[in-house]
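1. I'll drop the sequence and a predicted model, then ask my questions.
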Amino acid sequence: MGALFVLPMLMIAILSFLKRGTYGQVVYEFTLNNYIRIFDPLYGQIFGDTLVVAVLTTVFSILCGYPLAYYISRLEKSTQQIWLLLVMIPFWINFLVRSYAWVIILRSQGVINTFLQSLGIISEPLPLLYNSGSVLLGMVYTLMPFMVLPIYVSLEQMDRRKLEAAYDLGATPWKAFWHVTLPMTKTGVVTGSILVFVSSIGMFVVPDVMGGAKSALIGNVIQNQFLSARDWPFGSALSIVLMLLSMLLILLYFRATKASETKEESA
Amino acid sequence: MKTLRRNALSGYSWLMLVFLYLPILILVLYSFNDSRINATWTGFTWKWYVSLFENRQVMQALMNSMTIGVISSVIATVLGTAAALAVKHYSLRWSNIFNGLMYLPIVIPEIMMGLAMLVLFSQVHMELGKVTLILAHVTFSMPYVMVIISGRLADMGKELEEASQDLGATPWETLRYVTLPLIMPGIIAGFLMAFTLSLDDFIISFFVAGPNSTTLPLYIYGLVKRGVSPEVNALSTLLIVSTVLLVVVAEIFRRKDSKNNQSIF
């Protein structure tokens, strides 16, 4: 079953070096053109946008998710289970449906605009939907559970005695959090960040539904190359670059955290 | 000071919960709104649900979703159980590699998996349709089944199986009368999980569905793209309700007489 997945990934790699025929078929002829085409500033821009959105999504997910995970980890065991289930349930609900729920709220005849207009606060609907802000909102909304769970797990596994030691030594709660809790739950933050980052980098549903035509991310371009433009080799090259890029970033992230961990141990 | 901080944190967490649920609740609420175009509440109605059930395309999509869901989750459960048993019983050198390969579909972006499947099917000249959907759904849901059952197997320990073999049971008898009954809650949880994943999947199905094998999420996508109609709200609500029910039931089975029993109910 694993092979059923590895094999096609290899096929995509091979496909990325082939040519597209006039009618969208694949021509078995070696070329590097697909990769050269990626250096077109247009795609550079889209890759850049995708990275910015992915980084921002990760940062906002940490900012929103950490306090929530912290709160849950301090609750009674039985209450914890209920909160965890409550956080997990939206995560099981379809991505598409959850993004669409925001469309109802944000569109020009949506809940917020209708409400504000009926109060007479605004006369024209605000452009809340179909911009990069709404894409970011949708991304954070759909991916946040990925961040909460790993952070919760590492908070749970943390040795609380070290925290008590910090308090005994006169640390303020903020200092204790900053110098003890946060470093000790770094694994959770890293795991969560990777899950959120990898998911957002390949995301096309949220930008498709909440972003409109202007804010295409790389996932949307790949989807288009495969299903509309029927340029499979170019789509493959884009997805190979996307995958290498996310693997590279994950590797760098692991390196960085590992380096700081060993530094701490030796210090 | 301490209680203030705790109250702030608790308030924040409740706010986050509202953030997570409010959009979903609004979606559900508006599926009962009489107004066709505006977000203004003009009265309660069932008519969007009625028109859904009269819509033949929706019923066809529902049928497709159900067929694909049942068949793929049965296959995924059988294969996932076998894989979990194999990994546990034969600690081969390949076990780790095999494990790694199994978890790959969980961590790779879904779009890549959809593409990979599409490329594979086109290379072996398989026509896109229900069969390709089933194959794809089995592939992505099987690892989840395996994770659940492996957890169950780890909880179980080896003692009972060893006792059964000491009493002269053949390996088949041990499997049939000892192991399988013991991991049954895990198997049911795995099946429900696979079914939920299949029913809910959009991204991978998007790439491997043929023109005549539209599933419910694909149909919803079509409606969302064509412009907002209250029927989408109704259909989305039905999908939400069934997903939540399935997940909760699966969770109950997963926790059922589990060794480290932390039941929430």
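-> Ah, there it is. Numbers count the residues shown, from 1 in each chain, chains lettered A, B, ... in the order given.

2. State the phi and psi torsions of the residue most central in space within chain B.
-> The centroid of chain B falls nearest to B:L197 when counting by Cα atoms, centre = their mean (2.2 Å). Dihedral pair for B:L197: phi -60, psi -40, per degrees, to the nearest 10.

3. From chain A, how far out is it?
-> Remark: distance between B:L197 and chain A (Cβ to the nearest Cβ, to the nearest Å) = 9 Å. All C-beta atoms are positioned from the backbone trio N, CA, C, and that covers glycine.

4. Skipping adjacent residues, who's closest to that residue in space?
-> Counting by Cβ to Cβ, 6 or more residues apart in numbering or on different chains, the nearest residue to B:L197 once its immediate chain neighbours are dropped is B:S141, at 4.6 Å.

5. gap between the nearest residue to B:K130 once chain neighbours are set aside and chain A?
-> Spatially, and ignoring its direct neighbours in sequence, B:K130 is nearest to B:S213 (4.9 Å; Cβ to Cβ, 6+ apart). B:S213 sits 15 Å away from chain A, taking Cβ to the nearest Cβ as the criterion.

6. Counting neighbours, what do you get for B:S213?
-> A count of neighbours around B:S213, defined by other Cβ atoms under 10 Å in any protein chain shown, yields 22.

7. so what's residue 125 up against?
-> Just so you know, I chose chain A. Residues near A:P125 by Cβ atoms under 8 Å, 6 or more residues apart in numbering or on different chains: A:108-109, A:113, A:117.

8. shouldn't the residue nearest to the centre of chain B be in contact with B:F140?
-> Yes - in terms of Cβ atoms under 8 Å, B:L197 counts as a neighbour of B:F140; the distance is 6.8 Å.

9. The longest helix along chain B near chain A at all?
-> Ordering each helix of chain B by length in residues (DSSP state H) puts helix B:56-89 first. Yes - using Cβ under 8 Å from any Cβ of the partner chain, helix B:56-89 reaches chain A at B:79, B:83.

10. can you pull out the helices in the stretch 151-267 of chain A?
-> Along the stretch 151-267 of chain A, counting by DSSP state H, counting those that start in this stretch, helices occupy A:160-168, A:173-176, A:182-184, A:186-201, A:205-210, A:218-227, A:232-266.

11. Flag whichever of these has the least confidence on average.
-> Comparing mean pLDDT across those, the weakest is helix A:232-266, with a mean of 77.

12. Flag the shaky bits of the stretch 151-265 of chain B, pLDDT-wise.
-> B:228, B:256-265 (pLDDT under 70).

13. Name the residues of it found near chain A, please.
-> Contact residues (Cβ under 8 Å from any Cβ) of the stretch 151-265 of chain B with chain A: B:196, B:200, B:202-203, B:206-207, B:217, B:220-221, B:224, B:228, B:232-233, B:236, B:239-240, B:243-244, B:247-248, B:251, B:262-264.

14. Check the spacing between B:F32 and B:H137 real quick.
-> 32 Å (Cβ to Cβ, to the nearest Å).
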